[in-house]
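# below is the sequence, then the predicted model.
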Amino acid sequence: MKFVIVLVALFALASARPDAEVLKDVRNVEPESYNYESETSNGISQQESGQLKNVGSEHEAIVVHGSYSWVDEKTGEKFTVTYVADENGFQPSGAHLPVAP
């Protein structure tokens, strides 16, 4: 659920800036999988793919792999978060994120 919130926030950020143009928007949705990639002119990019596992069973679930990036307007530094979302929850990683001991 958290990854959905993050993606919605990134889409909102991209659409809130009138100077950002969509450079790439590729989507593919199938019955048991999906993937998409998008990129805007202000340095925001994202990609994600999901695959249904244990299809038809009581334990049917989707496993999602993805990443999103943005460029800090003040420093010009690029930040990237990669993540997996599955039965273990949302698991982000990035050089700028703290790591649990």
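Ah, there it is.
# so where's the chain shaky on pLDDT?
For the chain, applying pLDDT under 70 flags the ranges 1-18.
# need the single longest strand in it, by residues.
Using DSSP state E, we find that the single longest strand of the chain is strand 61-71.
# show me what that strand is packed against.
helix 2-16, strand 45-53, strand 78-86 (3 or more C-beta pairs under 8 Å, 6 or more residues apart in numbering; DSSP states H and E). Bear in mind the C-beta positions are built from the backbone N, C-alpha and C, glycine included.
# so what touches the next helix or strand after the first one?
On the C-terminal side of helix 2-16, the nearest following helix or strand under DSSP states H and E is strand 22-30. Contacting residues not belonging to strand 22-30 are listed as 14, 34-41, 45 [C-beta atoms under 8 Å, 6 or more residues apart in numbering].
# could you tell me the angle between strand 22-30 and strand 45-53?
Counting by axes from the mean of the first three to the mean of the last three C-alpha atoms, to 10 degrees, strand 22-30 lies at 0 degrees to strand 45-53.
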